[in-house]
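Student: build me a structure from this.
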Amino acid sequence: MGERNLRKGAEKRLLQRERYELLNTLQDALELPMVVLGLIWLVLLVVELIWSLNPVLQLVSNVIWGVFILDFIIKFILAPHKLPFLRHNVLTTISLAVPALRLFRITRAFRLVSSVRAARGLRLVKVIGSINRGMRSLGQAMKRRAFGYVLALTLVVTTAGAAGMYALESEYGIKSYGDALWWTVMLLTSIGSDYFPVTPEGRILCLLLAMYGFAVFGYFTATLATFFIDRDAASEEAEVAGAKQVRSLEKEIKLLRSELQAVLQQKASPEAPPKGKPPEV
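Tutor: Take a look at the predicted model:
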């Protein structure tokens with residue numbers, strides 16, 4: 001009985017490991033196509049929020065959405081632990097579920113959901129979910145390029161966030177996408193503007209954009225400060241020590257330490273008497 005349980009446990013662990021390996025292989029194989037599709041879908045979202053999509057672009061958006069659904073289902077099936085997988089992909093799941101509501105426009109249930117406030121809520125969820133997918137796509141495409149990744153991500157957040165604000169606040173104070181883009185840039189740079197969102201969904205999006213801007217502004221400030229300090233330190237007349245000067249000082253300190261240890265060892269060892277003379281008593 002005990003051997004049978006041990007055998008079942010070993011088989012289960014082996015199956016989980018094979019699933020992980022297959023899932024990782026699938027993710028590596030589909031990484032580049034999904035990155036490209038994720039960025040295209042984000043662009044289509046911005047176009048939809050600003051001008052709406054024509055039938056051709058709507059068909060392209062639906063096809064990409066279907067590919068995302070298929071990719072998500074396959075990964076969900078291969079994932080050994082289902083609940084952790086869903087918790088890790090909450091925003092992705094919601095962003096993929098929102099477009100499905102278009103398929104139920106003819107039903108009464110969708111008419112109830114398609115009220116003004118519900119429509120704004122669905123737009124907010126779609127914007128946040130699409131930005132989240134865009135963040136993952138950029139993160140996979142720009143590995144080990146921290147500054148370039150943050151810069152590209154800021155551009156994505158700015159354009160998509162402005163489109164979301166225009167879609168949510170177009171009936172109030174933001175009359176064009178240009179105004180929304182200017183307002184978003186002012187918000188991210190902590191300058192601010194005279195307009196404050198009116199709708200609850202617009203305020204939520206404003207809060208998320210402000211939090212992102214607060215975090216990224218500090219990163220850019222630190223990066224620029226490091227750049228100027230390193231450039232000044234490269235000059236021979238600069239009073240600031242750069243990386244090269246620090247490494248040179250470390251070498252000199254190690255050399256001085258070895259010489260000091262040699263001197264201390266020489267003083268600690270007894271002096272040998274000269275040859276041909278007896279030692280003094």
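
Student: flag the shaky bits of the protein, pLDDT-wise.
Tutor: The chain contains residues with pLDDT under 70 at 1-3, 5-6, 8-9, 98-123, 133-146, 227-245, 269-281.

Student: what ranges does it have for its strands?
Tutor: Assigned by DSSP state E, the strands in the chain number zero.

Student: longest single helix anywhere in it?
Tutor: Using DSSP state H, we find that the single longest helix of the chain is helix 2-50.

Student: could you report the neighbour count for Gly129?
Tutor: By the other CB atoms under 10 Å criterion, the neighbourhood of Gly129 contains 21 residues. All C-beta spots, glycine's among them, are computed from the backbone N, C-alpha and C.

Student: check contacts around the closest residue to it other than its chain neighbours.
Tutor: Distances taken as CB to CB, 6 or more residues apart in numbering put Ser95 closest to Gly129, at 2.2 Å, once the chain neighbours are dropped. Going by CB atoms under 8 Å, 6 or more residues apart in numbering, Ser95 touches 125-126, 128-130, 132-133.

Student: quick check, nearest of these to Tyr20?
Tutor: The shortest approach to Tyr20 among the contacts of Ser95 belongs to Arg133, at 22.7 Å (CB to CB).

Student: make sure Phe76 is actually in contact with Lys82.
Tutor: Yes: with contacts counted by CB atoms under 8 Å, Phe76 reaches Lys82, the gap being 6.8 Å.

Student: in terms of neighbours, single out the busier of these two.
Tutor: Ranked by neighbour count (other CB under 10 Å), Phe76 and Lys82 place Phe76 first, with 13 against 10.

Student: which residues touch that one?
Tutor: Contact analysis of Phe76 by CB under 8 Å, 6+ apart lists 82, 85-86.

Student: what is the nearest of those to Gly148?
Tutor: The nearest one, if we look at the contacts of Phe76 relative to Gly148 and count by CB to CB, is Phe85, at 29.5 Å.

Student: give me the nearest residue to the closest one, chain neighbours excluded.
Tutor: Spatial nearest neighbour of Phe85, excluding adjacent residues (CB to CB, 6+ apart): Ala79 at 4.0 Å.

Student: how many residues are close by the one you found?
Tutor: Look at Ala79: counted by other CB under 10 Å, it has 18 neighbours.

Student: same check on the one 4 residues further on?
Tutor: Burial measure for Leu83: 8 neighbouring residues, criterion other CB under 10 Å.

Student: check contacts around it.
Tutor: Contacts for Leu83 were tallied using CB under 8 Å, 6+ apart; there are none.

Student: what ranges do the helices span in the stretch 151-281 of the chain?
Tutor: Taking DSSP state H, counting those that start in this stretch to define them, one finds helices in the stretch 151-281 of the chain at 177-188, 200-233, 243-268.

Student: highest mean neighbour count out of these?
Tutor: Highest mean neighbour count among these (mean count of other CB atoms under 10 Å): helix 177-188, with a mean of 19.

Student: report the inter-axis angle for it versus helix 2-50.
Tutor: Calculated by axes from the mean of the first three to the mean of the last three CA atoms, to 10 degrees, helix 177-188 forms an angle of 130 degrees with helix 2-50.

Student: from the contact counts, what lies against helix 177-188?
Tutor: Using 3 or more CB pairs under 8 Å, 6 or more residues apart in numbering; DSSP states H and E, the elements in contact with helix 177-188 are helix 146-169, helix 200-233.

Student: TSV for those, including distance to Asp179?
Tutor: Shown next, in TSV, are the helices and strands packed on helix 177-188 (distance: least, CB to CB, whole Å):
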stretch	distance to Asp179
helix 146-169	8
helix 200-233	13
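
Student: Glu11: which of these is closest?
Tutor: Glu11 sits nearest to helix 146-169 of all the helices and strands packed on helix 177-188, at 41.3 Å, using CB to CB.

Student: return the angle between stretch directions for the closest one and helix 177-188.
Tutor: Per the same axes, to 10 degrees, the angle that helix 146-169 makes with helix 177-188 is 130 degrees.

Student: what comes up buried for stretch 152-171?
Tutor: 152-154, 156-170 (16 or more other CB atoms under 10 Å).

Student: what's the local residue count around the residue lying closest to Asn132 once chain neighbours are set aside?
Tutor: Leaving aside its chain neighbours, Asn132 sits nearest to Leu91 (4.4 Å; criterion: CB to CB, 6+ apart). If you count neighbours by other CB under 10 Å, Leu91 ends up with 17.
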